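# what follows is a protein structure lacking sequence information:
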(Lines give C-alpha, C1' and ligand atoms only; values in the text may rest on other atoms or scores of the structure.)
Protein backbone atom coordinates (compact mmCIF):
# COMPACT_ATOMS: atom_id res chain seq x y z
CA UNK A 1 0.00 0.00 0.00
CA UNK A 2 1.35 3.44 -0.91
CA UNK A 3 1.60 6.26 1.63
CA UNK A 4 -1.38 8.00 0.03
CA UNK A 5 -3.63 4.93 0.00
CA UNK A 6 -6.93 5.15 1.83
CA UNK A 7 -6.90 3.24 5.11
CA UNK A 8 -9.25 0.30 5.57
CA UNK A 9 -10.06 1.45 9.11
CA UNK A 10 -11.82 4.49 7.63
CA UNK A 11 -14.28 2.18 5.86
CA UNK A 12 -14.99 -0.50 8.45
CA UNK A 13 -17.78 1.36 10.26
CA UNK A 14 -19.54 2.88 7.26
CA UNK A 15 -23.27 2.28 7.35
CA UNK A 16 -24.80 0.28 4.51
CA UNK A 17 -26.60 3.19 2.83
CA UNK A 18 -23.51 5.38 2.55
CA UNK A 19 -21.42 2.42 1.49
CA UNK A 20 -23.89 1.54 -1.26
CA UNK A 21 -23.97 5.07 -2.64
CA UNK A 22 -20.17 5.34 -2.65
CA UNK A 23 -19.82 1.92 -4.29
CA UNK A 24 -22.01 3.03 -7.17
CA UNK A 25 -20.01 6.23 -7.53
CA UNK A 26 -16.66 4.42 -7.45
CA UNK A 27 -17.83 1.90 -10.06
CA UNK A 28 -18.96 4.74 -12.29
CA UNK A 29 -15.63 6.55 -11.86
CA UNK A 30 -13.61 3.47 -12.79
CA UNK A 31 -15.83 2.46 -15.68
CA UNK A 32 -14.42 -0.27 -17.91
CA UNK A 33 -11.00 -0.03 -16.26
CA UNK A 34 -12.30 -2.36 -13.54
CA UNK A 35 -14.32 -5.57 -13.68
CA UNK A 36 -15.89 -6.94 -10.50
CA UNK A 37 -16.33 -10.71 -10.35
CA UNK A 38 -18.94 -12.23 -8.06
CA UNK A 39 -18.90 -15.93 -7.21
CA UNK A 40 -22.28 -17.63 -6.74
CA UNK A 41 -21.62 -18.10 -3.03
CA UNK A 42 -20.98 -14.43 -2.36
CA UNK A 43 -23.33 -12.51 -0.04
CA UNK A 44 -26.13 -10.55 -1.75
CA UNK A 45 -24.98 -7.06 -0.77
CA UNK A 46 -21.69 -7.69 -2.61
CA UNK A 47 -23.00 -9.99 -5.36
CA UNK A 48 -25.29 -7.29 -6.74
CA UNK A 49 -22.31 -5.08 -7.56
CA UNK A 50 -20.61 -7.74 -9.68
CA UNK A 51 -20.20 -7.09 -13.40
CA UNK A 52 -19.82 -10.82 -14.04
CA UNK A 53 -21.20 -13.68 -11.95
CA UNK A 54 -20.59 -17.41 -12.05
CA UNK A 55 -18.21 -20.10 -10.86
CA UNK A 56 -14.54 -19.39 -10.36
CA UNK A 57 -12.99 -20.67 -13.61
CA UNK A 58 -15.69 -19.15 -15.81
CA UNK A 59 -15.19 -15.77 -14.13
CA UNK A 60 -11.41 -15.84 -14.48
CA UNK A 61 -11.61 -16.69 -18.18
CA UNK A 62 -14.18 -13.98 -18.86
CA UNK A 63 -12.14 -11.39 -16.95
CA UNK A 64 -9.03 -12.26 -18.97
CA UNK A 65 -10.99 -11.56 -22.14
CA UNK A 66 -12.29 -8.22 -20.88
CA UNK A 67 -10.71 -4.82 -21.45
CA UNK A 68 -10.38 -4.26 -17.71
CA UNK A 69 -7.09 -3.20 -16.18
CA UNK A 70 -8.20 -4.31 -12.71
CA UNK A 71 -9.89 -7.63 -11.86
CA UNK A 72 -11.57 -7.42 -8.45
CA UNK A 73 -12.56 -10.94 -7.43
CA UNK A 74 -15.30 -11.15 -4.81
CA UNK A 75 -14.56 -14.72 -3.91
CA UNK A 76 -11.69 -16.42 -2.10
CA UNK A 77 -7.91 -16.51 -2.42
CA UNK A 78 -7.45 -19.39 -4.85
CA UNK A 79 -9.98 -17.78 -7.21
CA UNK A 80 -7.99 -14.56 -7.39
CA UNK A 81 -4.84 -16.62 -8.00
CA UNK A 82 -6.50 -18.31 -10.99
CA UNK A 83 -7.58 -14.90 -12.28
CA UNK A 84 -3.96 -13.72 -12.04
CA UNK A 85 -2.62 -16.85 -13.77
CA UNK A 86 -5.07 -16.67 -16.69
CA UNK A 87 -5.13 -12.90 -17.11
CA UNK A 88 -3.01 -10.83 -19.45
CA UNK A 89 0.29 -9.47 -18.10
CA UNK A 90 -1.04 -5.92 -17.89
CA UNK A 91 -4.07 -6.93 -15.82
CA UNK A 92 -4.01 -6.81 -12.01
CA UNK A 93 -5.97 -9.27 -9.84
CA UNK A 94 -7.26 -8.05 -6.47
CA UNK A 95 -8.97 -9.79 -3.54
CA UNK A 96 -10.98 -7.33 -1.39
CA UNK A 97 -10.24 -9.18 1.86
CA UNK A 98 -7.03 -11.21 2.11
CA UNK A 99 -8.61 -13.26 4.91
CA UNK A 100 -11.11 -14.73 2.45
CA UNK A 101 -9.65 -18.19 2.05
CA UNK A 102 -11.01 -21.69 1.50
CA UNK A 103 -10.93 -24.31 4.24
CA UNK A 104 -10.86 -27.10 1.67
CA UNK A 105 -7.94 -25.59 -0.23
CA UNK A 106 -6.08 -25.20 3.06
CA UNK A 107 -6.34 -28.96 3.70
CA UNK A 108 -3.73 -29.64 1.01
CA UNK A 109 -0.46 -27.72 0.92
CA UNK A 110 2.62 -28.19 -1.21
CA UNK A 111 4.75 -29.63 1.58
CA UNK A 112 2.16 -32.32 2.38
CA UNK A 113 1.56 -33.21 -1.28
CA UNK A 114 5.30 -33.48 -1.97
CA UNK A 115 5.63 -35.74 1.08
CA UNK A 116 2.79 -37.88 -0.26
CA UNK A 117 4.59 -38.16 -3.61
CA UNK A 118 7.79 -39.27 -1.89
CA UNK A 119 5.95 -41.82 0.25
CA UNK A 120 4.12 -43.19 -2.78
CA UNK A 121 7.55 -43.66 -4.36
CA UNK A 122 8.39 -46.15 -1.60
CA UNK A 123 5.67 -48.43 -3.02
CA UNK A 124 5.23 -47.48 -6.69
CA UNK A 125 6.83 -45.11 -9.19
CA UNK A 126 4.39 -42.16 -9.14
CA UNK A 127 6.02 -40.40 -12.09
CA UNK A 128 5.31 -43.47 -14.21
CA UNK A 129 1.93 -44.62 -12.93
CA UNK A 130 0.16 -41.70 -11.15
CA UNK A 131 -1.49 -38.64 -12.70
CA UNK A 132 -1.85 -35.86 -10.13
CA UNK A 133 -5.13 -33.97 -10.41
CA UNK A 134 -5.98 -30.98 -8.27
CA UNK A 135 -9.43 -29.52 -7.95
CA UNK A 136 -9.60 -25.87 -9.01
CA UNK A 137 -10.25 -25.16 -5.29
CA UNK A 138 -6.55 -25.30 -4.44
CA UNK A 139 -3.54 -23.04 -4.11
CA UNK A 140 -1.52 -22.00 -7.13
CA UNK A 141 1.55 -23.96 -6.04
CA UNK A 142 -0.48 -27.18 -6.09
CA UNK A 143 -1.66 -26.44 -9.61
CA UNK A 144 2.01 -25.84 -10.40
CA UNK A 145 2.89 -29.22 -8.83
CA UNK A 146 0.44 -30.88 -11.21
CA UNK A 147 1.87 -28.93 -14.12
CA UNK A 148 5.40 -30.12 -13.31
CA UNK A 149 4.30 -33.75 -12.88
CA UNK A 150 2.31 -34.00 -16.13
CA UNK A 151 -0.97 -33.68 -14.28
CA UNK A 152 -3.85 -31.28 -14.56
CA UNK A 153 -6.70 -29.44 -12.84
CA UNK A 154 -10.43 -30.19 -12.75
CA UNK A 155 -13.64 -28.42 -11.87
CA UNK A 156 -16.82 -29.92 -10.47
CA UNK A 157 -18.35 -29.83 -13.95
CA UNK A 158 -15.51 -31.48 -15.90
CA UNK A 159 -14.15 -33.91 -13.28
CA UNK A 160 -15.29 -36.99 -15.20
CA UNK A 161 -13.63 -35.93 -18.45
CA UNK A 162 -10.45 -35.10 -16.54
CA UNK A 163 -10.39 -38.47 -14.77
CA UNK A 164 -10.94 -40.25 -18.09
CA UNK A 165 -8.03 -38.31 -19.59
CA UNK A 166 -5.90 -39.02 -16.52
CA UNK A 167 -6.45 -42.78 -16.75
CA UNK A 168 -5.45 -42.61 -20.42
CA UNK A 169 -2.10 -41.20 -19.26
CA UNK A 170 -1.39 -43.52 -16.31
CA UNK A 171 -3.11 -46.26 -14.33
CA UNK A 172 -3.68 -44.29 -11.11
CA UNK A 173 -4.79 -40.82 -10.07
CA UNK A 174 -3.80 -38.79 -7.00
CA UNK A 175 -6.81 -36.53 -6.48
CA UNK A 176 -6.73 -33.55 -4.11
CA UNK A 177 -7.89 -31.71 -2.06
CA UNK A 178 -11.57 -32.81 -2.06
CA UNK A 179 -12.16 -36.50 -1.48
CA UNK A 180 -15.90 -36.31 -2.15
CA UNK A 181 -15.69 -34.91 -5.68
CA UNK A 182 -13.15 -37.59 -6.57
CA UNK A 183 -15.15 -40.43 -4.99
CA UNK A 184 -18.51 -39.36 -6.40
CA UNK A 185 -17.05 -38.92 -9.88
CA UNK A 186 -15.07 -42.16 -9.86
CA UNK A 187 -18.04 -44.18 -8.62
CA UNK A 188 -20.25 -42.87 -11.41
CA UNK A 189 -17.54 -43.90 -13.87
CA UNK A 190 -17.90 -47.46 -12.62
CA UNK A 191 -14.98 -47.65 -10.20
CA UNK A 192 -15.74 -49.72 -7.08
CA UNK A 193 -15.33 -47.96 -3.75
CA UNK A 194 -12.51 -50.28 -2.67
CA UNK A 195 -10.40 -49.05 -5.57
CA UNK A 196 -10.66 -45.48 -4.26
CA UNK A 197 -8.63 -45.15 -1.07
CA UNK A 198 -8.32 -42.11 1.19
CA UNK A 199 -4.89 -40.64 1.88
CA UNK A 200 -4.85 -39.29 5.43
CA UNK A 201 -2.16 -36.61 5.24
CA UNK A 202 -1.74 -36.69 9.03
CA UNK A 203 -0.59 -40.33 8.95
CA UNK A 204 2.62 -41.96 7.67
CA UNK A 205 2.08 -43.22 4.11
CA UNK A 206 -1.42 -41.79 4.30
CA UNK A 207 -2.52 -44.48 6.74
CA UNK A 208 -2.61 -46.98 3.87
CA UNK A 209 -1.09 -50.42 3.44
CA UNK A 210 1.22 -51.29 0.57
CA UNK A 211 -1.51 -53.50 -0.86
CA UNK A 212 -4.11 -50.71 -0.72
CA UNK A 213 -1.81 -48.36 -2.62
CA UNK A 214 -1.00 -50.97 -5.26
CA UNK A 215 -4.66 -51.87 -5.79
CA UNK A 216 -6.00 -48.30 -5.83
CA UNK A 217 -7.11 -46.59 -9.00
CA UNK A 218 -7.79 -43.25 -7.27
CA UNK A 219 -5.93 -42.05 -4.19
CA UNK A 220 -8.21 -39.48 -2.58
CA UNK A 221 -6.84 -36.72 -0.38
CA UNK A 222 -8.64 -36.52 2.97
CA UNK A 223 -10.04 -33.05 2.35
CA UNK A 224 -13.57 -31.69 2.24
CA UNK A 225 -15.67 -28.55 1.97
CA UNK A 226 -16.83 -27.29 5.36
CA UNK A 227 -20.14 -26.17 3.82
CA UNK A 228 -21.02 -29.31 1.88
CA UNK A 229 -20.06 -31.68 4.70
CA UNK A 230 -22.98 -30.23 6.69
CA UNK A 231 -25.50 -31.98 4.44
CA UNK A 232 -26.58 -35.41 5.65
CA UNK A 233 -28.66 -38.23 4.07
CA UNK A 234 -31.11 -38.18 6.98
CA UNK A 235 -31.94 -34.55 6.13
CA UNK A 236 -33.10 -35.75 2.73
CA UNK A 237 -35.10 -38.59 4.27
CA UNK A 238 -36.90 -36.28 6.70
CA UNK A 239 -37.75 -33.78 3.97
CA UNK A 240 -39.06 -36.47 1.64
CA UNK A 241 -41.34 -37.77 4.38
CA UNK A 242 -43.08 -34.39 4.38
CA UNK A 243 -42.80 -33.70 0.64
CA UNK A 244 -42.41 -36.97 -1.29
CA UNK A 245 -42.69 -35.20 -4.66
CA UNK A 246 -39.40 -33.35 -4.08
CA UNK A 247 -36.49 -33.63 -6.48
CA UNK A 248 -33.07 -33.67 -4.79
CA UNK A 249 -30.06 -31.99 -6.35
CA UNK A 250 -26.61 -31.89 -4.76
CA UNK A 251 -23.16 -30.52 -5.43
CA UNK A 252 -20.54 -33.29 -5.88
CA UNK A 253 -18.58 -31.89 -2.92
CA UNK A 254 -21.34 -33.45 -0.77
CA UNK A 255 -20.69 -36.84 0.79
CA UNK A 256 -21.13 -40.06 -1.14
CA UNK A 257 -24.18 -40.92 1.01
CA UNK A 258 -25.90 -37.62 0.15
CA UNK A 259 -25.15 -37.94 -3.55
CA UNK A 260 -26.53 -41.48 -3.56
CA UNK A 261 -29.91 -40.07 -2.52
CA UNK A 262 -29.87 -37.22 -5.07
CA UNK A 263 -31.49 -37.52 -8.50
CA UNK A 264 -29.21 -34.80 -9.84
CA UNK A 265 -25.54 -34.12 -9.04
CA UNK A 266 -23.56 -31.25 -10.47
CA UNK A 267 -21.72 -27.95 -10.21
CA UNK A 268 -23.17 -24.61 -9.21
CA UNK A 269 -23.84 -23.78 -12.86
CA UNK A 270 -25.48 -27.18 -13.36
CA UNK A 271 -27.73 -26.69 -10.32
CA UNK A 272 -28.83 -23.26 -11.53
CA UNK A 273 -29.47 -24.47 -15.08
CA UNK A 274 -31.36 -27.59 -13.99
CA UNK A 275 -33.76 -25.76 -11.70
CA UNK A 276 -34.22 -22.78 -14.02
CA UNK A 277 -35.18 -25.14 -16.86
CA UNK A 278 -37.36 -27.41 -14.71
CA UNK A 279 -41.12 -27.64 -15.14
CA UNK A 280 -43.22 -25.10 -13.22
CA UNK A 281 -44.71 -26.14 -9.88
CA UNK A 282 -41.86 -28.47 -8.98
CA UNK A 283 -40.17 -28.72 -5.60
CA UNK A 284 -36.41 -28.95 -5.10
CA UNK A 285 -34.15 -29.77 -2.18
CA UNK A 286 -30.69 -28.33 -2.84
CA UNK A 287 -27.38 -29.29 -1.27
CA UNK A 288 -25.07 -26.34 -1.80
CA UNK A 289 -24.23 -22.95 -0.27
CA UNK A 290 -27.04 -20.90 1.31
CA UNK A 291 -26.62 -17.54 -0.46
CA UNK A 292 -26.90 -19.16 -3.87
CA UNK A 293 -29.87 -21.30 -2.84
CA UNK A 294 -31.77 -18.33 -1.44
CA UNK A 295 -31.18 -16.24 -4.59
CA UNK A 296 -32.29 -19.13 -6.79
CA UNK A 297 -35.41 -19.67 -4.65
CA UNK A 298 -36.39 -16.01 -5.09
CA UNK A 299 -35.71 -16.16 -8.82
CA UNK A 300 -37.87 -19.19 -9.62
CA UNK A 301 -40.68 -18.63 -7.11
CA UNK A 302 -42.80 -16.67 -9.64
CA UNK A 303 -42.77 -19.82 -11.81
CA UNK A 304 -44.31 -21.88 -9.04
CA UNK A 305 -41.05 -23.65 -8.19
CA UNK A 306 -40.19 -24.21 -4.54
CA UNK A 307 -36.47 -24.37 -3.71
CA UNK A 308 -35.39 -25.50 -0.25
CA UNK A 309 -32.01 -25.53 1.45
CA UNK A 310 -31.05 -29.07 2.46
CA UNK A 311 -29.65 -28.38 5.92
CA UNK A 312 -31.94 -27.29 8.77
CA UNK A 313 -29.15 -25.07 10.08
CA UNK A 314 -27.57 -22.01 8.44
CA UNK A 315 -24.69 -23.19 6.31
CA UNK A 316 -22.85 -20.54 4.30
CA UNK A 317 -19.22 -20.20 3.25
CA UNK A 318 -17.83 -18.28 6.22
CA UNK A 319 -14.54 -17.38 4.54
CA UNK A 320 -16.20 -16.01 1.42
CA UNK A 321 -18.57 -14.10 3.71
CA UNK A 322 -15.55 -12.06 4.86
CA UNK A 323 -15.82 -9.98 1.69
CA UNK A 324 -18.27 -7.26 2.62
CA UNK A 325 -19.34 -4.00 0.90
CA UNK A 326 -16.89 -2.02 3.03
CA UNK A 327 -13.88 -4.03 1.81
CA UNK A 328 -15.10 -3.76 -1.78
CA UNK A 329 -15.53 0.01 -1.45
CA UNK A 330 -12.05 0.34 0.08
CA UNK A 331 -10.56 -1.41 -2.95
CA UNK A 332 -12.56 0.58 -5.52
CA UNK A 333 -11.97 4.01 -4.02
CA UNK A 334 -8.27 3.26 -3.77
CA UNK A 335 -8.20 2.24 -7.44
CA UNK A 336 -10.03 5.44 -8.36
CA UNK A 337 -7.37 7.36 -6.42
CA UNK A 338 -4.56 5.53 -8.22
CA UNK A 339 -3.68 3.03 -5.46
CA UNK A 340 -3.65 -0.75 -5.83
CA UNK A 341 -4.38 -2.62 -2.59
CA UNK A 342 -4.59 -6.38 -1.93
CA UNK A 343 -3.05 -7.38 -5.22
CA UNK A 344 -2.80 -11.15 -5.75
CA UNK A 345 0.32 -12.04 -7.71
CA UNK A 346 1.50 -15.62 -8.31
CA UNK A 347 5.27 -15.90 -8.78
CA UNK A 348 6.36 -16.46 -12.37
CA UNK A 349 7.61 -20.02 -11.86
CA UNK A 350 4.43 -21.27 -10.24
CA UNK A 351 2.27 -19.29 -12.65
CA UNK A 352 3.97 -20.91 -15.66
CA UNK A 353 3.64 -24.45 -14.28
CA UNK A 354 0.06 -23.87 -13.10
CA UNK A 355 -0.84 -22.48 -16.52
CA UNK A 356 0.43 -25.74 -18.07
CA UNK A 357 -1.90 -27.73 -15.82
CA UNK A 358 -4.86 -25.43 -16.51
CA UNK A 359 -4.24 -25.48 -20.25
CA UNK A 360 -4.19 -29.29 -20.22
CA UNK A 361 -7.59 -29.18 -18.59
CA UNK A 362 -8.94 -26.69 -21.11
CA UNK A 363 -7.64 -28.78 -24.01
CA UNK A 364 -9.41 -31.86 -22.67
CA UNK A 365 -12.70 -30.10 -22.02
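Yes, it's here. As the structure is a prediction and not an experimental result, all values here were calculated from the model. Numbering: from 1, shown residues only.
# distance from stretch 229-248 to the middle of the chain?
Distance, stretch centre to chain centre, for stretch 229-248: 25 Å (Cα atoms, centre = their mean, to the nearest Å).
# state the mean pLDDT of stretch 24-37.
Averaged across stretch 24-37, pLDDT comes to 97.
# how far does it sit from the chain's center?
25 Å.
# which outside residues touch that stretch?
Stretch 24-37 has contacts (Cβ atoms under 8 Å, 6 or more residues apart in numbering) with 49-53, 59-60, 62-63, 66-75, 79, 83, 328-329, 332-333, 335-336. Every C-beta, even on glycine, is put in place using the N, C-alpha and C of the backbone.
# rerun at 6 Å
49-52, 59, 63, 66-73, 332-333, 335-336 (Cβ atoms under 6 Å, 6 or more residues apart in numbering).
# what do you get for stretch 80-93?
Residues lying outside stretch 80-93 but in contact with it, judged by Cβ under 6 Å, 6+ apart, are 60, 63-64, 70-71, 73, 95, 140, 340, 343-344, 346, 351, 354-355.
# quick one: secondary structure of the closest residue in space to residue 264 that isn't next to it in sequence?
The spatial neighbour of residue 264 that comes closest, neighbours along the chain excluded (Cβ to Cβ, 6 or more residues apart in numbering), is residue 249 at 4.0 Å. Using DSSP: H, G, I helix; E, B strand; the rest coil, the structure places residue 249 in strand.
# would you map the helices across the stretch 151-300 of the chain?
159-169, 179-188, 210-215, 233-242, 256-261, 268-276, 290-300 (DSSP state H, counting those that start in this stretch).
# what's the most buried one of these?
helix 179-188 (a mean of 23; mean count of other Cβ atoms under 10 Å).
# just want the angle from it to helix 159-169.
Taking axes from the mean of the first three to the mean of the last three Cα atoms, to 10 degrees, helix 179-188 and helix 159-169 form an angle of 70 degrees between their directions.
# tell me how far helix 179-188 lies from the chain's centre.
Offset of helix 179-188 from its chain centre (Cα atoms, centre = their mean): 16 Å.
# report the mean per-residue pLDDT for it.
For helix 179-188, mean pLDDT is 98.
# tell me which helix or strand comes right after the helix or strand harbouring residue 35.
According to DSSP states H and E, residue 35 maps onto strand 34-39. Heading C-terminal from strand 34-39, the first helix or strand you meet, by DSSP H and E, is helix 44-47.
# with that, I have no additional questions.
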